[in-house]
Structure formats: structure tokens, C-alpha cells
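# Everything below, folded, please.
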Amino acid sequence: MELTRIAVATSNLGKLKEIRDIFTGVELVSMRELGFTGEICETGKNFRDNAKIKAETIAKTFNMPALADDSGLCVDGLHGAPGIYSARFSGEGEVANRQLLLKRMEHVYDRKAHFECAVCLYLPDGHMFFGEGKTYGKILYEEIGSQGFGYDPLFYSDDLKKSFGLATEEEKNTVSHRFRALQDLKKKIK
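Below is the predicted model:
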């Protein structure tokens, strides 16, 4: 399938940069660059549903292929929370989300966690392709490093043997849940 220009349904600049670094060979234009300033209600019951909702909205709005991801942190000791609510866990942004996670983990022994990502490529004719990926690790007791975004400083990567907050973009982009989901998607659209 020949794709030359794809809209990306995100307003998260960190996520947009990561997607552009990973999904190369095609022009990726953010929904903001296209003039979309509205909010997309993520009413799905899982990451895949939310990725589809976002991609479909942007594809239909601009009549062009659209790529969206939905991803989050799933902590075993919190029964999978914050999960699909990761970005709005505290309702007050990334720093408050990390603080709330640490507070909720104060008396939790099981610190195993994974980041999960589902991506959807939605074409104007209604065809859809999905990719999924996960990366495993554990929740640290304090923030380590300042790289990345979101929960990265609290996530110790089993693959990298260090916090995502200490990882370079290049390191993270070789093992991240988003990298794995986008690679899975690429295999399905060839």
C-alpha cells in the first residue's frame, strides 16, 4: 500500500515526535498542523477502541489516512490501572499523574508493570489496520531521569535495564510499546 501523507491524531508533542522518529518514510502531519483544535472523546473500553475513535475522527474530518495511538501504563499491583486513563489519571497533568501513581503504590508490593499501545491506521474508505505492542518493567519508588514524557521517569525497563527517564530517545524507540505497535502495523500494511 502506497501511503505518502498521513494525519496523526494527537496533540501530545512528545508522542508526535516519537511517532515521527519511528514511522519513517511517509510525511506525518499532526491534526493541529491541519487545523483541528477540537477534542476527541475517548469513549472506548480499551486502547484499540480509543485508537480507532481518534483515527476515524481525523480521517473523516480531513478525508485522508489518519494514524492514532492509544497507550498507557498498566500496573499489576493496581489491577491494571491507570490503563486507558493514564493521561488523565489525576486530572491535573503529567507531574500530578506521576505523584498520584507513587501515592497509590506506597503500600503495593507487586510493582510489575507494562506500557501497552494500540495503533490504528484509518483510511478514508473505511478500511482499518491495527498494530499492538507492549514493553515490560516495573514501577520505581521515585523518579529517575528526566528524559521522555508521561510516566517515563517512574518506569524501569526490563529491556534497557534502566528507567525510561534515563534512556535516550533512540534507546527508548527500539523497545517501547509504541515502537512495537508501529512495527506490528507496518507488517500489516505492506
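# Can you pull the poorly scored residue ranges out of the protein?
Along the chain, segments meeting pLDDT under 70 span 1-2.
# The same query, at a cut-off of 90, please.
Where the chain drops to pLDDT under 90, the residues are 1-4, 10-26, 37-39, 41, 148-149, 169, 186, 189-190.
# measure the residue located most distally from the centre of it to Cys117 for me?
Within the chain, His107 marks the point farthest from the mean C-alpha position, 27.4 Å out by CA atoms, centre = their mean. Here His107 is placed at a distance of 29 Å from Cys117 (CB to CB, to the nearest Å). Where C-beta positions appear, they are placed from N, C-alpha and C, glycine not excepted.
# Find the centremost residue of this structure, please.
Closest-to-mean residue, the chain, CA atoms, centre = their mean: Ser71 / 3.7 Å.
# for that one, which residues make a bridge with it?
Beta-bridge pairing for Ser71 (DSSP bridges): Cys117.
# Might one say that it is in contact with Arg178?
Yes. Contact status for Ser71 versus Arg178: in contact at 6.2 Å, counting by CB atoms under 8 Å.
# Residues in contact with both of those two, list them for me.
Listed contacts common to Ser71 and Arg178 are Cys117; contacts here mean CB atoms under 8 Å, 6 or more residues apart in numbering.
# what about the strands in the chain?
5-8, 27-30, 66-75, 112-122, 128-139, 155-157, 162-163 (DSSP state E).
# between the longest one and strand 66-75, how big is the angle?
It refers to strand 128-139. 30 degrees (axes from the mean of the first three to the mean of the last three CA atoms, to 10 degrees).
# Give the partner strands of strand 128-139 in its sheet and their orientations.
strand 112-122 (antiparallel), strand 155-157 (antiparallel).
# what comes into contact with the lengthiest helix in the chain?
Longest helix of the chain, by residue count under DSSP state H: helix 47-62. For helix 47-62, the surrounding residues in contact (CB under 8 Å, 6+ apart) are 7-10, 31, 34, 36, 40-44, 65-72, 84, 116-124, 128, 130, 132.
# do that again at 7 Å, thanks
7, 9, 31, 34, 36, 40, 42-44, 65-72, 84, 116-124, 128, 130 (CB atoms under 7 Å, 6 or more residues apart in numbering).
# List only buried entries from those.
The neighbour-count test (16 or more other CB atoms under 10 Å) marks 7, 9, 31, 34, 36, 40, 42, 44, 65-72, 84, 116-123, 130 as buried among these.
# could you dump the strands paired with strand 128-139 to JSON lines with distance to Asp76?
Output for the strands paired with strand 128-139, formatted as JSON lines (distance: least, CB to CB, whole Å):
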{"stretch": "strand 112-122", "distance to Asp76": "4"}
{"stretch": "strand 155-157", "distance to Asp76": "13"}
